[in-house]
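>>> here you go, sequence then predicted model.
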Amino acid sequence: MEISRSPRSASRPRRAARLVGAAVSACALLLTACAAGQGATGDQGSRPALAPLPGSVDPALARFYEQKPSWRACGAPGFQCATVRAPLDYARPDAGEVRLAVARAKATGPGSRLGSLLVNPGGPGGSAVDYLQGYAALGYPAEVRARYDMVAVDPRGVARSEPVTCLDGPGMDRYTGTDFTPDDTAETDSLVRAFKTFAEGCGGRSAKLLRHVSTVEAARDMDVVRAVLGDEKLHYVGASYGTFLGATYAGLFPSKVGRLVLDGAMDPSLPARRLNLDQTAGFETAFTAFARDCVRGSDCPLGGRGATPGEVGRALKEFFDKLDAAPLPADDPDGRKLTESLATMGVIAAMYDEGAWPQLGEALTSALRRKDGTQLLALSDSYYERGPAGRYSNLMFANAAVNCLDLPTAFSSPDEVREALPEFEKASPVFGETMAWAALNCAYWPVAPTGEARRIEAEGAAPILVIGTTRDPATPYAWAEALAGQLSSGRLLTYDGDGHTAYGRGSTCVDGAVDAYLLEGTVPEKGKRCV
């Protein structure tokens, strides 16, 4: 189970759907526990670079590039949907196909059309189609929507594009309720069984697809979609894991890069363990900011006015420990209680967006003072995308499938996790133990990884805009610095603020810079910072 995911749409709490990283890649959007000068960029120079593909289309793939989609009305008025075919295995184009769900809202005018603008909210596992129809095609600036066809494609294995499936609702309830901070051998064995059950479910229900949901394959699919849409260049806005997908596209097809915005960037040169450790520290940074905000008021449930972030963190950890021994009742039709693991996910869910901090404060107050776990359970359900009927989206299934394929596992055994616990708990006294154990999930995956950590240079690509938020919990700022430094044409835009990602979050400085880039191709000056 990856902790990191990326925001997906326009809400979690305020935009939970734009989720994350973050669990992104086998680590999936991790944290920042690095010292200055070492950090996320410490070993990237030793990593191989992603090699571009040939500039011409392989004749064996011509039928995919030349297909003509049949558009139909779908969803809300103004949207069209189509299915685009891609090879299941690009090395064997005749060995089967994957059907990709594509949606678009045509440019509204006035002004000349600039092409298609693909959007991806992250994950991996987030539905780009849901994001487009629920937010991007309505919430992006009118000037951008006037000049671009707003387009989304659910990556292979996600949502409407032949989704990976693993467990049913009751099975996922058991999985998410598993104790992710085992205290003894019996609890460790129980966690390992949960990981194995999850992995076996994926292997049994999605065996054929599971070997072909890598980010490289999803990026190649985007080039097919680009051609099918009739665009010479790919224009794209990706958030969180979507930055890894977009950067991978740039590395494979540098000559096809149009205007790429990579917001809440990942560093593709980092191995899984480092990504998880960095993200662990990132959530601690976000929690510190939340703690300081909480104790400014008179009713913070974790400490009185003037309490330090360390004191607030210890109070939260004490609360988690009590839940480990005695879960709290909750108003849940399925009889679930608030366990330590579910409460931890509820708190983590609120770290993605500072707009959710008041909701988190209310949930903690209810749990600590009224012994009611309902609100924290609801936050956890939002993270896992558990619906009111007890059904889960395929977010967590696709998340694990992509992560475990993209990078070798962070840990191969419980003993390795135990050895790493001091490092993770130093990075985050609050979340470190949970995040270290959660990174063990890929050790039991039924499919061997096909990817590796690589630098992405994209030599010859047009200017690419990389955005980093200084206190981003899921994609640490150091990752944005690293990616912008690797890309031959990368330009870093810094947002000095809280929360995950920056575009469309209220900074007129950030929004203005991104809009100028999308509409005019103008990149911000070097070193530009926004608040």
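Happy to help now that I have it.
>>> which residue ranges of the stretch 251-400 of the chain form helices?
Ranges of helices in the stretch 251-400 of the chain, per DSSP state H, counting those that start in this stretch, are 272-294, 309-325, 340-351, 357-370, 374-384, 395-406.
>>> so which of those is the most packed in?
Stretch with highest mean neighbour count among these: helix 395-406 (a mean of 29; mean count of other C-beta atoms under 10 Å). From N, CA and C alone the C-beta is placed, and that goes for glycine too.
>>> after that one, which helix or strand is next? Please name it.
helix 414-427 (DSSP states H and E).
>>> average pLDDT for the next helix-or-strand element following that following helix?
Counting by DSSP H and E, the next helix or strand C-terminal to helix 414-427 is helix 432-438. On average, the pLDDT along helix 432-438 is 98.
>>> same question, stretch 259-278
In this model, stretch 259-278 carries a mean pLDDT of 98.
>>> now the phi/psi pair for R529, please.
phi -130, psi 140 (degrees, to the nearest 10).
>>> can you count the residues close to it?
13 (other C-beta atoms under 10 Å).
>>> what's the answer for D515, then?
When neighbours are counted by other C-beta under 10 Å, D515 comes out with 17.
>>> pretty sure it is touching P141, no?
Yes: using C-beta atoms under 8 Å, D515 is in contact with P141, at 5.5 Å.
>>> how about the helices in the stretch 1-150 of the chain?
According to DSSP H, counting those that start in this stretch, the helices that the stretch 1-150 of the chain contains are 62-65, 128-131, 137-139, 142-147.
>>> report the distance from the second one to the chain centre.
Its chain's average C-alpha position is 14 Å from that of helix 128-131, according to C-alpha atoms, centre = their mean, to the nearest Å.
>>> what does the last one give?
Averaging C-alpha positions (C-alpha atoms, centre = their mean) puts helix 142-147 26 Å from its chain's average.
>>> kindly report the same for stretch 106-116.
Worked out by C-alpha atoms, centre = their mean, stretch 106-116 lies 29 Å from the chain centre.
>>> show the contacting residues for P48.
Residues near P48 by C-beta atoms under 8 Å, 6 or more residues apart in numbering: 452, 454-455.
>>> and it, how close does it get to R160?
P48 sits 34 Å away from R160, going by C-beta to C-beta, to the nearest Å.
>>> circling back: any idea which of the contacts of P48 is closest to R147?
Distance to R147 across the contacts of P48 (C-beta to C-beta) is lowest for R455, with 33.1 Å.
>>> for that closest one, give the beta-bridge partners.
R455 forms beta bridges with A49, as assigned by DSSP bridges.
>>> so it touches G485, yeah?
No: applying C-beta under 8 Å as the test, R455 and G485 come out as separate, 9.4 Å apart.
>>> looking at these two, which is more packed in?
R455 (20 against 15).
>>> got any ranges where the protein has weak pLDDT?
Within the chain, the stretches with pLDDT under 70 are 1-45.
>>> can you pull out the strands in it?
5-6, 11-12, 15, 20-21, 72-73, 79-87, 97-105, 115-120, 148-153, 234-239, 257-263, 464-471, 490-498, 529-530 (DSSP state E).
>>> buried ones in stretch 407-416, by neighbour count?
Residues of stretch 407-416 classed as buried: 407-411, 414, 416 (neighbour count, 16 or more other C-beta atoms under 10 Å).
>>> between the two ends of it, how far is it?
17 Å (C-alpha to C-alpha, to the nearest Å).
>>> make 11 the starting number, not 1.
Renumbered: residue one is now 11, and that last one reads stretch 417-426.
>>> who touches that stretch?
35-37, 192, 198, 201-202, 281-283, 285-286, 427, 430, 446, 449-450, 452-453, 455, 459, 461-463.
>>> what is the burial count for L148?
14.
>>> give me the number of residues near D309?
Around D309 there are 12 other residues, counting by other C-beta under 10 Å.
>>> you'd agree it is up against T375?
Yes: with contact defined as C-beta under 8 Å, D309 reaches T375; the gap is 7.1 Å.
>>> got any residues that touch both of these two?
With C-beta under 8 Å, 6+ apart, D309 and T375 have no common neighbours.
>>> of the buried residues of stretch 417-426, closest to R302?
Nearest to R302 among those: A420, at 30.4 Å, using C-beta to C-beta.
>>> so L503 bridges to which residues?
Beta-bridge partners, per DSSP bridges, of L503: I477.
>>> how many other residues sit next to it?
Count around L503 with other C-beta under 10 Å applied: 27.
>>> show the contacting residues for it.
Counting by C-beta under 8 Å, 6+ apart, the residues that L503 touches are 475-478, 512, 520, 523-524, 534, 538, 540.
>>> again, only using 10 Å
Applying C-beta atoms under 10 Å, 6 or more residues apart in numbering to L503 gives the contacts 271-273, 475-478, 490, 494, 512-513, 519-520, 523-524, 527, 533-535, 537-540.
>>> one step back: tell me which of the strands of the chain lies nearest to P343.
Judging those by C-beta to C-beta, what sits closest to P343 is strand 21-22, at 22.2 Å.
>>> would you agree A291 is in contact with A437?
Yes: here A291 reaches A437: they are 4.1 Å apart, a contact under C-beta atoms under 10 Å.
>>> list the contacts for the closest residue to D241 other than its chain neighbours?
Distances taken as C-beta to C-beta, 6 or more residues apart in numbering place G125 nearest to D241, at 4.8 Å, with adjacent residues excluded. When contacts are counted by C-beta under 10 Å, 6+ apart, G125 is found next to 117, 157-159, 161, 236, 239-245, 268-269.
>>> in the sheet, who's paired with G125?
Y158.
>>> and it, how far is that from A420?
Distance of G125 to A420, given as C-beta to C-beta: 39 Å.
>>> ditto for R95
Counting by C-beta to C-beta - R95 and A420 are separated by 35 Å.
>>> repeat for A468
Taken as C-beta to C-beta, the span from A468 to A420 is 27 Å.
>>> could you do G121 as well?
Distance of G121 to A420, given as C-beta to C-beta: 47 Å.
>>> surely A156 meets R123?
Yes: at 8.9 Å, A156 counts as touching R123 under the criterion of C-beta under 10 Å.
>>> between those two, which one's more packed in?
A156 (16 against 13).
>>> how about the more buried one, what does it touch?
Contacts of A156 were listed using C-beta under 10 Å, 6+ apart, and they are 117-124, 529.
>>> repeat that with 7 Å
Applying C-beta atoms under 7 Å, 6 or more residues apart in numbering to A156 gives the contacts 117-121.
>>> what's the nearest residue to it if we skip its chain neighbours?
Nearest residue to A156 in three dimensions, chain neighbours excluded: T118, at 5.0 Å (C-beta to C-beta, 6+ apart).
>>> next one: D159
Per C-beta to C-beta, 6+ apart, closest to D159 is S126, 4.6 Å.
>>> related to what we said a few turns ago, what's the most buried one of the strands of the chain?
Of the strands of the chain, the one with the most neighbours on average (mean count of other C-beta under 10 Å) is strand 30-31, at a mean of 40.
>>> just checking, G256 touches A249?
No: the criterion here is C-beta atoms under 7 Å, and G256 misses it with A249 at 9.4 Å.
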